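Undergrad: any chance you could fold what I've pasted below:
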Amino acid sequence: MVEKRYRALRVIATICRVVGAILGVLVVLAVLGICLNLVWGVPFEAQRPWWSRPDITPWWSGPSFWMLPRTGLGLILAGLIILGGGLQALMWYGFGELIHVLLALEENTRATATALQQRG
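TA: Next up, the predicted model:
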């Protein structure tokens with residue numbers, strides 16, 4: 001058995017994997033929260049189009065992206081969180097895995113070199 005080296009690098013790799021897993025869970029919880037808010041948190045009045053609501057008077061005459069109903073913006077936000085947060089979680093976890101793979105590669109190379117030296 002080859003001795004374990006690069007202890008600090010192993011700790012960093014484990015921290016990256018844990019951060020990636022935590023980010024993944026937070027992304028799922030955020031998207032679930034947005035979807036639950038869309039189902040139960042939208043009053044009927046807020047779902048009416050902006051031109052039929054007397055309390056919204058935009059300073060321009062045409063419709064705007066920001067005047068979409070709350071449901072549309074919520075779905076767009078949920079999609080962006082899935083894309084951005086999910087990619088970020090995968091990157092953190094993948095970086096930790098990459099470090100572990102490189103450390104395993106170094107261990108195997110060192111073990112092979114030791115075995116070859118002992119052989120001949």
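Undergrad: centroid-wise, who is the farthest residue in the chain?
TA: In terms of distance from the mean C-alpha position of the chain, residue 120 ranks first, at 50.6 Å (Cα atoms, centre = their mean).
Undergrad: what about that residue, distance to residue 112?
TA: If you measure residue 120 against residue 112 using Cβ to Cβ, to the nearest Å, the figure is 13 Å. In short, each C-beta sits where N, CA and C put it, glycine included.
Undergrad: show me how far stretch 25-43 is from its chain's centre.
TA: A distance of 16 Å separates the C-alpha centroid of stretch 25-43 from that of its chain, computed with Cα atoms, centre = their mean, to the nearest Å.
Undergrad: stretch 12-29 now?
TA: Relative to its chain's centre, stretch 12-29 lies at 8 Å (Cα atoms, centre = their mean).
Undergrad: quick one: mean pLDDT for it?
TA: Taken as a whole, stretch 12-29 has a mean pLDDT of 97.
Undergrad: what's the spacing between residue 77 and residue 24?
TA: In this structure, residue 77 and residue 24 are 18 Å apart, going by Cβ to Cβ.
Undergrad: try residue 3
TA: Between residue 3 and residue 24 the distance, using Cβ to Cβ, works out to 33 Å.
Undergrad: packing partners of the longest helix along the chain?
TA: Longest helix in the chain by number of residues, with DSSP state H as the criterion: helix 70-119. Taking 3 or more Cβ pairs under 8 Å, 6 or more residues apart in numbering; DSSP states H and E as the contact definition, the neighbouring helices and strands of helix 70-119 are helix 7-40.
Undergrad: relative to helix 70-119, how tilted is the helix it packs on?
TA: Relative orientation of helix 7-40 versus helix 70-119 (axes from the mean of the first three to the mean of the last three Cα atoms, to 10 degrees): 160 degrees.
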